[in-house]
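Colleague: structure for the following, please:
(2 chains)
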Amino acid sequence: MVSEQALFRLRVRYVKRGRLRYLGHLEVLHTIERIVRRAGLPYAVTQGFSPHMRVSFSSALPVGTASRCEWFDLMLTEYVPAPRALEALQSAAPLDLAAQEAAYIDVRSESLTAFIVRATYEVSIEFTTDVEPCALNRAISTVRERKALDYRRGRKSKRLDLERTLADVSVTWNDARTATIALETRLDNDGAMRPELFIAACDLLLAGEDYLGDPPRLDIGPYDYRTIKRVVVERVAQEGERPDGTAVYPIRCADARA
Amino acid sequence: MRVEYRDRFSELEPLLSHVEKPSRYIDHEWGALSSPDAQHRVCLIYPDVYEVGLPNQGIAILYNVLNQQEGESCERSYVPWVDMADAMRAAGVPLLSLEGAAPVASFDIVGLHVPHEMAATNYLEALDLAGIPILAAERGEDDPIVIAGGPSVYNPEPIASFFDAMLIGEGEEHIVEVALEHRRLRDAGASRSEIVRALAKIPGTYVPSLYEVCHEGPCTRHGYTVPRAGEDVPSVVYKRVVRDFGATDPLSQSVVPFAQLVHDRLSIEILRGCARGCRFCQAGITYRPVRERTADQVVSAVTRGLARTGYDEVSLTSLSTTDHSCCSQILSRLNRRLDDTGISVSIPSQRLDSFGVDMALEVAGEKKGGLTFAPEAGSQRLRDIINKNVTEDDLERAARAAFEAGWRRMKLYFMMGLPGETDDDIVAIAQLAERVVEIAHEVVPKGQRGGISVSISVSVFIPKAQTPFQWCGQLDDAEVKRRQKLLVSSVTSRQVRVHYHDADTSLIEAALSRCGRDFVPVIVGAWKRGARFDAWTEQFDLGIWEQAAQEAGIDLREVSQETFGLEDRLPWEHVSPGVAPGFLQREWRRALEGKTTSDCTRTSCTGCGICPTLGAKNILVGERGE
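Modeller: Numbering: from 1, shown residues only, chains lettered A, B, ... in the order given. Have a look, this model is predicted:
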C-alpha cells in the first residue's frame, strides 16, 4: 500500500505517426501500458478486484490522424529522474509511438482531459486539380458562417457546434494543388472539433454540391472526396488556457517536482 | 519470373481508412523479426484474421526458429477480412506479408497453418489473393512451394490437393530441415518436381502429389491413399516429435500486437501432450507423448517473457495444464513474484475435481468471473463410454468447492451425439446442471443467491481421425436439432442457461473430418461460390456448401453420417501420429462395453503404441497425483 503523497506523477508527451496513426484509441492505450511495463518503470497499480496500471491519457485521436503532442500521466511508486524515465520509455517503444519529453508534475494537478481545452490541427491536402485560393476560402467561410455542422454517426444525427469548437482557420498554399489548413480548435465535455468532418464539408462545397440535408449527408467517414486526392491530419498542439485566454503548455502548467 | 520481393505498403495504405480495424494490416509491431536481405524467405500464414492468428503458439515457435537460422527470414501473413480482401481485389493489390509488405507470391516457401477443419476455404482465399494457383498441380516453376502443417493434418486428404507438401507433427525441427533443403535444391537449380520428391524424403513430410487414392479391397467410399507406382515414398508418414522438448525455449512469442486479440497475453507452453485418453479427443492422441517442463524453466520463461513483451497476463498453456506434476508449485511461485504488479496468471481450463478448483483459486485472486468445467456427457454411463474419467462425486465436490470459494457463475461443456447416447443422457445434462444449482443454493449465503448462474454449452460430437471413435458416423442433423430441443425443455431452473452449437456448421466440419480426396472439389466449389471464414458464424452459409457438394456428386449427410467398418481401410491411414490401429480398435470395443482406460502418466502403459513407434517417451518432472 502506498499513500497518495508518496506517489510521483510523470507527464509524458508522445507522438503517433507513420503507419501507427491507424491505431485506434484503445489500441494506443494498451500499447502505452505495455511500453511502460517493458520500460521497467515502477508504475503504481489501483487497488481492488482488478488491479491495473494508474495511467491516464489525453483525449482520443481518430484512427488515421497523426499527432506530435499526445500526452499521458503515469503514477510511479518511486522517483526515477525524468530523463532516465524518458530514455527507458523510448527504448521500449516503436519510433512512431515514442515518448518525446517527460517531466514530473504535482500529483494533485487536474487531469489531462480537464486541463487540455485547445487543440491545433494541421491538415495537409493534395487536391486532384488546381484550386483557386478564393474558392477554398469561400467554402471555408460558408461552413463557418453556418455555425454548426450536422453529420451522422451510424443512424444517429449529430451536431457539431462550430462557434464553440472552431476558433480559427488559416490556409497556406504550397502550390496550386497542395495546401495546409491550420485549425485552432476548442474542446470541452460537450464535444470537440473533428477536422476531417470540416474538410469533408469544404470538399462537397468545392465540388459544387452541398452537405446540408435531412438526414445529414456527412458522416464520420471514411470519405470518398470529390476534389481531394490525399489528406493527412496531424494534431500539432494540445494546451490548457489561463483565465486571460493565453495558452499553457501541459508540463509547464504545474510545478515540476524534479 | 518469380514475383518481385519489394515493399508495396504504399498500395495498401490508401485502403486502410476504408476498412474496419486497420491495425490488422500495418505491421511494425514490437518484437517483429525477419531480415529483408536474407537468401531464403518463408512466409507463414494463419488462415484467419490477424487477431485470431497472431496468438497462435505454433506459428510463434516456427517464426522464432526460422528467424534464428543463418540466411533464413520468416515473415507472417493473415487472411484479410472480407472488407479488405474485396478492396484489395478491386485495387489489384495482392496478399502481402506483414513485415516486408512484400507479395506473398515472392517468397520461396509459403506455409499455411492448419488449425481446424473449418479453415478449408481460407487456404484458397489466401492463395488466390496472393496470386498463387490454388491447386498444387497447377503451380509452375516460379510459384512458391506451398506447405502446410498444424494440429489438424491427421486427415489431410480433403485439403491435400492445395499443398505441395504437408508437415505432419511437431514442426520446430522439421520446418528448418524443409527450409534448408529447399534452399539447397533451389540454389542447385532443381525443378519443382525434383524439389517435392526430395522434401518427401524428410521424415514426417507428406507430398500428396506422389500418392494416389486406391479403392481395392475393403475400404470406405473415399478409398485410401498409397504411394504412386514407382515413387519411393513411405506408405505411412509418421508425425515428427521434437527430440528434446525440455531443451526447447518455452518463450516462443516475440511479437506484441497493437490490435486487441482474442487471446491477448503471454503464453508459455508448460507441457505438451495429454494421456487422459478421452475417446473423442484427437489432440489426446496426436500430441502424445506427455512431456513436462520443469518449474524453474517455466518460472524463468514467464519472467523473461513479461519483461520482453510488457503483457499484463500470462497463460500457462497445454492440453491439460492442471495435470502438470508441479502445477501447484509453479502457480504459487508465480503469484509471489507477480504480487502488486497488476499482472495476472491464467490457466486455460480447469480439471473437474477439487484440485482443479484449488488451482483456479490460485490464479483468480480477488476477481472471480466464471469457472469452466467440461464433464462432456451428462450421465456416468456415457462418461464411461467416452472415457471421461470423472465421477458424479468429483463433479459435486468441484462445484461445492467453487461456490464455497466465492464463484457464482459456472460454465459446463458437453457434447451431443456421442456414440451410444440416448434421450436419458440428454436429460441427464439438464439434471446435472440443476444439481449444480442445488449445490450452489446449499453453499452460497442467502443474500447472494441471485447471482448464481450455471450455463451449459453443448457442441455436436464430430468423429475425428486417429481416435477410437473414427469409425462412427455423425448424428443426423435433424436428430441433433431434436435433442437440442429436448435439452432445452428438460431444463426447469431459471438459473440454468443453455447454449448449443449450430448443427449446420457441425455437419460440414464432420464431412471435412471424414472425407477423402474426393472432397477437394467441394471445398473449391464452395470457395468459388463465396465461402470464406466458415469458422465465423455470420459468414457461414450451409446453402453454398450444399450446392458445391451436389455439383461434386457428394451427399453431405451421407458422408458425415455413415459408419465405417472396422475392417475398412480408412482415408487417413497413410498419415499417423504413431498410434497402433489395434489400440484404437481395442478402445472402441471397450467404449461399447462401457469400460474405462486409465491415464498412463498415473498408472502403467496402456499400450497406445505411440512411444515405441516414434521412439519417444513420457517425461514427467515430478509425481502426478490421482
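
Colleague: need the residues of the stretch 151-258 of chain A near chain B, please.
Modeller: By the rule Cβ under 8 Å from any Cβ of the partner chain, the part of the stretch 151-258 of chain A lying against chain B is A:221, A:222. Yep, even glycine has a C-beta here, placed from its N, CA and C like the rest.

Colleague: how about 7 Å then?
Modeller: Counting by Cβ under 7 Å from any Cβ of the partner chain, the stretch 151-258 of chain A comes close to chain B at residue A:222.

Colleague: any idea which residue of the stretch 151-258 of chain A lies closest to chain B?
Modeller: residue A:222 (4.2 Å; Cβ to the nearest Cβ).

Colleague: in the stretch 51-200 of chain A, which residue sits nearest chain B?
Modeller: Counting by Cβ to the nearest Cβ, the stretch 51-200 of chain A gets nearest chain B through residue A:51, at 4.3 Å.

Colleague: could you report the neighbour count for that residue?
Modeller: Neighbours of residue A:51 under the rule other Cβ atoms under 10 Å in any protein chain shown: 19.

Colleague: ok, it - contacts?
Modeller: A:45, B:342 (Cβ atoms under 7 Å, 6 or more residues apart in numbering or on different chains).

Colleague: quick check: it vs residue B:507, distance?
Modeller: 46 Å (Cβ to Cβ, to the nearest Å).

Colleague: helix, strand, or coil at the nearest residue to residue B:417 once chain neighbours are set aside?
Modeller: Excluding its sequence neighbours, the residue lying closest to residue B:417 (Cβ to Cβ, 6 or more residues apart in numbering or on different chains) is residue B:475, at 3.3 Å. Following DSSP: H, G, I helix; E, B strand; the rest coil, the label given to residue B:475 is coil.

Colleague: quick one: pLDDT of residue B:475?
Modeller: With respect to pLDDT, residue B:475 scores 95.

Colleague: pretty sure residue B:419 is one of the things it touches, is it not?
Modeller: No - in this structure, residue B:475 is not within contact of residue B:419 by Cβ atoms under 7 Å, at 9.2 Å.

Colleague: and the strands in chain A?
Modeller: A:8-16, A:55-57, A:66-76, A:99-105, A:118-127, A:148-153, A:156-161, A:166-173, A:178-186, A:228-241, A:247-248 (DSSP state E).

Colleague: got TSV for those strands, with distance to residue B:207 and mean pLDDT too?
Modeller: Output for the strands of chain A, formatted as TSV (distance: least, Cβ to Cβ, whole Å; pLDDT from 0 to 100):
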stretch	distance to residue B:207	mean pLDDT
strand A:8-16	48	97
strand A:55-57	53	96
strand A:66-76	49	97
strand A:99-105	52	96
strand A:118-127	52	96
strand A:148-153	54	90
strand A:156-161	57	89
strand A:166-173	63	96
strand A:178-186	56	96
strand A:228-241	48	94
strand A:247-248	69	92
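
Colleague: looking at the ones you listed, which is nearest to residue B:373?
Modeller: strand A:55-57 (36.3 Å; Cβ to Cβ).

Colleague: per the record, what domains does the chain have?
Modeller: Unless you meant another one, I'm taking chain A. A:4-113, A:118-241 (automatic domain parsing).

Colleague: I was thinking of chain B, sorry if that wasn't clear
Modeller: B:9-238, B:367-501.

Colleague: off-centre distance for the first one?
Modeller: Per Cα atoms, centre = their mean, to the nearest Å, the displacement of domain B:9-238 from the mean C-alpha position of its chain is 16 Å.

Colleague: what's the answer for the shortest one, then?
Modeller: The gap between where domain B:367-501 is centred and where its chain is centred comes out at 23 Å by Cα atoms, centre = their mean.

Colleague: what do you get for stretch A:106-120?
Modeller: Relative to the centre of its chain, stretch A:106-120 is centred 13 Å away, using Cα atoms, centre = their mean.

Colleague: ok, back up a step: roughly how far apart are the residue of the stretch 51-200 of chain A closest to chain B and residue A:115?
Modeller: Distance from residue A:51 to residue A:115, by Cβ to Cβ: 26 Å.

Colleague: one step back: so can I have JSON lines of the strands of chain A showing distance to residue B:480 and mean neighbour count?
Modeller: Converted to JSON lines, those look like this (distance: least, Cβ to Cβ, whole Å; neighbours: other Cβ atoms under 10 Å in any protein chain shown):
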{"stretch": "strand A:8-16", "distance to residue B:480": "50", "mean neighbour count": "23"}
{"stretch": "strand A:55-57", "distance to residue B:480": "49", "mean neighbour count": "17"}
{"stretch": "strand A:66-76", "distance to residue B:480": "52", "mean neighbour count": "21"}
{"stretch": "strand A:99-105", "distance to residue B:480": "56", "mean neighbour count": "20"}
{"stretch": "strand A:118-127", "distance to residue B:480": "57", "mean neighbour count": "19"}
{"stretch": "strand A:148-153", "distance to residue B:480": "42", "mean neighbour count": "17"}
{"stretch": "strand A:156-161", "distance to residue B:480": "41", "mean neighbour count": "14"}
{"stretch": "strand A:166-173", "distance to residue B:480": "60", "mean neighbour count": "14"}
{"stretch": "strand A:178-186", "distance to residue B:480": "58", "mean neighbour count": "18"}
{"stretch": "strand A:228-241", "distance to residue B:480": "53", "mean neighbour count": "18"}
{"stretch": "strand A:247-248", "distance to residue B:480": "67", "mean neighbour count": "15"}
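
Colleague: list the residues that contact residue B:407.
Modeller: B:368, B:371.

Colleague: one more time with 8 Å, if that's ok
Modeller: B:360, B:364, B:368, B:370, B:371 (Cβ atoms under 8 Å, 6 or more residues apart in numbering or on different chains).

Colleague: hey, what's the fourth one bridged with?
Modeller: With DSSP bridges as the criterion, the beta-bridge partners of residue B:370 are residue B:409.

Colleague: you'd agree it is up against residue B:412?
Modeller: No - judged on Cβ atoms under 8 Å, residue B:370 makes no contact with residue B:412 at a distance of 10.5 Å.

Colleague: once you drop chain neighbours, what's closest to residue B:104?
Modeller: residue B:130 (3.9 Å).

Colleague: any idea how far the one you found is from residue B:146?
Modeller: 9 Å.

Colleague: also residue B:163?
Modeller: In terms of Cβ to Cβ, residue B:163 sits 5 Å off from residue B:146.

Colleague: intersection of neighbour lists for those two?
Modeller: Here residue B:163 and residue B:146 have B:112, B:136 as joint contacts, going by Cβ under 8 Å, 6+ apart.

Colleague: returning to that earlier point: residues in contact with the residue of the stretch 151-258 of chain A closest to chain B?
Modeller: Applying Cβ under 8 Å, 6+ apart, the residues contacting residue A:222 are A:64, B:17, B:18.

Colleague: what's the answer for residue A:185, then?
Modeller: Applying Cβ under 8 Å, 6+ apart, one finds that residue A:185 lies in contact with A:118, A:119, A:120, A:121, A:165, A:166, A:167, A:192, A:193, A:195.

Colleague: kindly state the beta-bridge partners for the first one.
Modeller: I take that to be residue A:118. Counting by DSSP bridges, the residues bridging with residue A:118 are residue A:186, residue A:239.

Colleague: tell me how many other residues crowd whichever residue of chain B sits closest to chain A.
Modeller: Relative to chain A, the nearest point of chain B is residue B:310 (3.3 Å; Cβ to the nearest Cβ). By the criterion of other Cβ under 10 Å, residue B:310 has 25 neighbours.

Colleague: my guess is it meets residue A:35, correct?
Modeller: Yes - if you go by Cβ under 8 Å, residue B:310 and residue A:35 touch, sitting 6.4 Å apart.

Colleague: and what about residue B:148, helix, strand or coil?
Modeller: Assignment for residue B:148 (three-state DSSP): strand.

Colleague: measure it to residue B:49 for me?
Modeller: 19 Å.

Colleague: do you have the strands of the stretch 151-300 of chain B handy? List them.
Modeller: B:165-167, B:205-206, B:211-214, B:224-227, B:237-238, B:266-269, B:271-272, B:291-292 (DSSP state E, counting those that start in this stretch).

Colleague: can you lay out these as CSV showing distance to residue B:173 and mean pLDDT?
Modeller: Output for those, formatted as CSV (distance: least, Cβ to Cβ, whole Å; pLDDT from 0 to 100):
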stretch, distance to residue B:173, mean pLDDT
strand B:165-167, 10, 98
strand B:205-206, 12, 98
strand B:211-214, 24, 98
strand B:224-227, 24, 98
strand B:237-238, 14, 98
strand B:266-269, 16, 96
strand B:271-272, 14, 96
strand B:291-292, 14, 98
